[in-house]
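In: no FASTA, just this:
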């Protein structure tokens, strides 16, 4: 009977494979599947469980801390699902819902539609498409990029209170460049610009008065991406031209950068500052570039937030969110919420389907969060107030 | 090193088990892992070689080409979208399977294929995302319209002849993966279906020549399999060269000799607008041996728009394990499917080359990614050419492409 023999053979082979798997080859798919060494688990309320809890250390201020950079406390998310409601329309539309306004990018990025007190349609130029559409309580930012990479980006900033629009382009000071990071924060935005001697630099624009300045500039053959602006400050990834790039996560302080402490050297991807705390991700396996692992640090400790999707971290309404693919065939894809004040991790959204499901990167609208879910049970785009 | 290098459990299985314990059809390392690419494997997979162009096929091809030539006399690159679609999007039916010029094998009707093309042409914004080298529907039709009527007719005739010669493979795939019953006299009419493959799939042939088969399922495949050497990879040198670079890596895997991307761009007819998947499939057939009956048989462009994920992943496993050949992946590079990208991109080509089952998890797809964003954007870090990711996300990215097709 060949079938039983086949199954027996497969089982032996599977066992042998498990014993032989390693993560050091040039073609491995496994490293991103496993969490780094952990020492304890902790519920989202902060109580540590397990018999081998991490040693407490002392912070520079003298306060005791939990965990350490090398042995962060593993957080198990509680289930605290937000009050999600469906977003009308196609799931192919990229919708960001805010308190009083909604920003929608149509498929293909030819235009963006702002609805609310001052409705507006922003069209991408010829041979251009909308690459960034960001919204908070005060402003909307829509960026159009030339797909031939000839003309610098053209960004439209809309003051939601008045409907007044401001254009940032090659003639602005500092000027825009083709592509590069764009981030919207409290009364501030940052974007890539061209500095002296054609250096690649980070520009900051004060939105109420419209003034801009050029800050830090990258060394030749270096770049930066993934800027995130919050009340607590600005972070971004810098990288070099090595293969793979050495990716460093930084706190931006004017024209200076300070690497975030505790991040695995050269492996960083996402980052954000929140209320005196930091959250970041690393990508341990270059062959699984979308499989990241998230961490956080507060004045009280170091935390292992578990696996997530690289590029999915969003700071919104004093919390940080990132997505996680199903961890088993019976798991849904989830949206995780990191609450820095409580040092807690919770599941804010879970797909209806399990196994074959995933989430788009979430989109913050200031006080609301929107996410699109893709699964075999059907796609859905939902939004929730963060309260 | 063999281009058809199946790794992981297949190799381990050979070490751990006497060959006698393997069931019929099990992909042994000798067959799937260590065989020379130019020698016949010990266990042959179930596929078909090239068939002949029957008189009936020839009449069908003549009708399509002649009608297209008559309708397309006045065509130019400036013709209206409606004229481009009506005159150039034409379908032929070979033995009950439909092939549409520029589109490939599809279950959709000619009318549906034309409607889909019109929807694409009416939404020029869909072509405005960053382009990595996949030819848009509009650019593909304009390229055809620029040809002289005689040259266009010759190109269409060649494409249809190639399709007609591949129809047995289409039937087999639809039978094995979609469950479509084979015609009663299928094996009689298609001696190009290899008999060793019949034994492997435990197919029995009825007296009428029709067949019923017990086909392999996902669970029958090993835990992990891959083809192509992860060292034989390259990044695309121009923003619109994902096609030539994917082709470079596929051919490199066969010949173990790298040829310049410029060479492949010429072979594929790549322009600044990009490369079509039908060109990719054609050049795989012409310039590698992966189209041999002992490998994948003739590559075809196959519409997977109505395929389930289970069928799609089974197709990948069959290709990697049984065919020992790479797949021409055809996704759309949207950030929702590839969140590590900063921006949405266009349609794209990648080289599918493996899968990995995971205990209690959904499977991963292995592929070569020609697009190194760092080369063209100072705002993007290096992305390795060798990638593994959730197969379901790649399936959705393939399905979301306006052509939703694949080269297999």
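Out: Received, thanks. Everything quoted here is computed from the prediction, not taken from an experiment.

In: show me what from the stretch 51-200 of chain A comes close to chain B.
Out: Residues of the stretch 51-200 of chain A found near chain B (CB under 8 Å from any CB of the partner chain) are A:106-111, A:124, A:127-129, A:131-132, A:145, A:147, A:149, A:179-181, A:192, A:200. Just so you know, the C-beta spots here come from the backbone N, C-alpha and C atoms, and that holds for glycine as well.

In: write the ChimeraX selection for whichever of those residues are buried.
Out: The buried subset of those, as determined by 16 or more other CB atoms under 10 Å in any protein chain shown, is captured in ChimeraX by this line:
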select /A:106,107,108,109,110,111,124,128,129,131,132,145,147,179,180,181,192,200
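
In: please flag which of the residues of the stretch 51-200 of chain A next to chain B sit within strands.
Out: Per DSSP state E, strands hold the following members of these: A:111, A:128-129, A:131-132, A:145, A:192, A:200.

In: and which of these is nearest to residue B:306?
Out: Distance to residue B:306 across these (CB to CB) is lowest for residue A:129, with 28.8 Å.

In: for that closest one, which non-adjacent residue is spatially closest?
Out: Spatial nearest neighbour of residue A:129, excluding adjacent residues (CB to CB, 6 or more residues apart in numbering or on different chains): residue A:109 at 3.4 Å.

In: that neighbour and residue A:125 touch, don't they?
Out: No - in this structure, residue A:109 is not within contact of residue A:125 by CB atoms under 8 Å, at 11.4 Å.

In: show me what from the stretch 151-300 of chain B comes close to chain A.
Out: With CB under 8 Å from any CB as the criterion, the stretch 151-300 of chain B meets chain A at residues B:220, B:222-224, B:226, B:230-231, B:239.

In: flag whichever of the residues you listed scores worst on pLDDT.
Out: Scanning those for pLDDT, the low point is residue B:239. It has 88.

In: how much space between that one and residue B:359?
Out: From residue B:239 over to residue B:359 the distance is 40 Å, taken as CB to CB, to the nearest Å.

In: so those two - more neighbours on which side?
Out: Using other CB atoms under 10 Å in any protein chain shown as the criterion, residue B:239 and residue B:359 rank with residue B:239 on top: 21 against 10.

In: count the neighbours of the closest residue to the more buried one other than its chain neighbours for me.
Out: With sequence-adjacent residues excluded and distances taken as CB to CB, 6+ apart, residue B:239 is closest to residue B:376, at 5.6 Å. Look at residue B:376: counted by other CB under 10 Å, it has 17 neighbours.

In: cool, and residue A:214?
Out: So residue A:214, with other CB under 10 Å, has 18 neighbours.

In: how about low-confidence regions in the stretch 1-150 of chain B?
Out: Residue ranges of the stretch 1-150 of chain B with pLDDT under 70: B:1-45, B:123-130.

In: swap in 80 and give it another go.
Out: B:1-46, B:71-74, B:77, B:120-133, B:136-138 (pLDDT under 80).

In: same check, this time on chain A
Out: Within chain A, the segments meeting pLDDT under 80 span A:1-65, A:147-149, A:387.

In: let's go with 70 and repeat that
Out: A:1-64.

In: just give me the residue right at the centre of it.
Out: Geometric centre of chain A, nearest residue: residue A:313, 1.9 Å, by CA atoms, centre = their mean.

In: which residue is the nearest non-sequential neighbour of it?
Out: Once flanking residues are discounted, residue A:313 sits nearest to residue A:270: 3.5 Å by CB to CB, 6+ apart.

In: mind telling me what element the one you found is part of?
Out: Using DSSP states H and E, residue A:270 maps to strand A:268-274.

In: tell me, how many residues neighbour residue 178?
Out: With no chain named, the answer covers chain A. Neighbourhood size, residue A:178 [other CB under 10 Å]: 20.

In: wait, chain B
Out: Residue B:178 sits with 14 neighbouring residues when counted by other CB under 10 Å.

In: with the one 5 residues further on instead?
Out: A count of neighbours around residue B:183, defined by other CB under 10 Å, yields 18.

In: thought it was touching residue B:167?
Out: No - assessed by CB under 8 Å, residue B:183 is found out of contact with residue B:167, at 10.7 Å.

In: who touches both of these two?
Out: residue B:95 (CB atoms under 8 Å, 6 or more residues apart in numbering or on different chains).

In: what parts of the stretch 251-387 of chain A come near chain B?
Out: Taking CB under 8 Å from any CB, the part of the stretch 251-387 of chain A that reaches chain B is made up of A:269, A:286-291, A:309-312, A:323, A:325-330, A:355-358, A:360-361, A:372, A:374, A:376.

In: which of these are buried?
Out: Among these, the ones that count as buried by 16+ other CB under 10 Å are A:269, A:286-291, A:309-312, A:323, A:325-327, A:355-358, A:360-361, A:372, A:374, A:376.

In: which SSE is residue B:158 in?
Out: Residue B:158 belongs to helix B:149-165 when assigned by DSSP H and E.

In: give me the residues contacting the helix or strand following that helix.
Out: Next in sequence after helix B:149-165, counting helices and strands by DSSP H and E, comes helix B:167-178. Helix B:167-178 has contacts (CB under 8 Å, 6+ apart) with B:46-48, B:51, B:57, B:94-95, B:97, B:105, B:180-183, B:186, B:190, B:192-193, B:201, B:213, B:215-216, B:297-298, B:300, B:302, B:307, B:311, B:314-315, B:318, B:408.
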